[in-house]
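**Q** no sequence for this one, just the structure:
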């Protein structure tokens, strides 16, 4: 028996396969130096809490506990702080070594507290219960600053912002031509004088 006229049906056309996305993946932005340091400081404090005696939780942490943490960090300090009985007390550049302890510099502690204060709130803490922003911590930092300034003979002074002054060395003029309804052309000049005053002149041409 012969096959039906027309022959075999054509094979089905394969559907187009989706092409894989050849574009490179968007790189994850590299955190800034400040963000990286803040994360390390936060992790260090988180590790300190369970090693405290007795162990602490973040919810129970107070300003007094933060001060204990700052004193704990002194053992890793690299700043020589002369004691009252040291012959080099108050000398910024002692001529020879002494047995005075090394501590964390006030500037380092102040920056550390700023980062931890921000990290606490970024990790769900409330501003009003932030132990790093308590009055006790601020007083402690001030005492450290004043004590180290006396012991090292290096006063800490706030940097004053310089007010920028703008001086115009020459007159700067901008000219524009305006055609009036009567066909005359008015030439308008706007100038700035050296004392920053503005002059306006018009000329019919």
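**A** Structure's in. What do you need? No experiment lies behind these values; they were computed from the predicted model shown.
**Q** next one: phi and psi at residue 102?
**A** Backbone torsions of residue 102, given as degrees, to the nearest 10, read phi -100, psi 140.
**Q** Surely residue 56 is in contact with residue 49?
**A** Yes. With contact defined as CB atoms under 8 Å, residue 56 reaches residue 49; the gap is 4.4 Å. Where you see a C-beta, it was placed from the backbone N, CA and C, and this is true even at glycine.
**Q** Could you check how many residues crowd around residue 33?
**A** 8 (other CB atoms under 10 Å).
**Q** Per-residue pLDDT of it, please?
**A** As predicted, residue 33 sits at a pLDDT of 92.
**Q** Next, find the distance separating it from residue 112.
**A** Residue 33 sits 14 Å away from residue 112, going by CB to CB, to the nearest Å.
**Q** now do residue 122
**A** Taking CB to CB, one finds residue 122 at 15 Å from residue 112.
**Q** So which of these two has more stuff around it?
**A** Comparing residue 122 with residue 112 by neighbour count (other CB under 10 Å), the higher total belongs to residue 112, at 21 against 12.
**Q** buried set for the helix or strand where the more buried one lies?
**A** If you go by DSSP states H and E, residue 112 is part of helix 106-122. Judged by neighbour count using 16 or more other CB atoms under 10 Å, the buried positions of helix 106-122 are 106, 109, 112-113, 115-120.
**Q** cool, and stretch 74-82?
**A** Applying 16+ other CB under 10 Å to stretch 74-82 flags 79-82 as buried.
**Q** Then stretch 136-154?
**A** 137, 140-141, 144-145, 148, 151-152.
**Q** Repeat that for stretch 84-94.
**A** Quick answer for stretch 84-94 (16+ other CB under 10 Å): 86, 88-89, 94.
**Q** Can you give me the distance of residue 67 to residue 155?
**A** 24 Å.
**Q** Which segments of the protein make up each domain?
**A** 33-152, 172-204 (automatic domain parsing).
**Q** looking at those domains, which has the lowest confidence?
**A** Among these, domain 172-204 carries the lowest mean pLDDT (a mean of 49).
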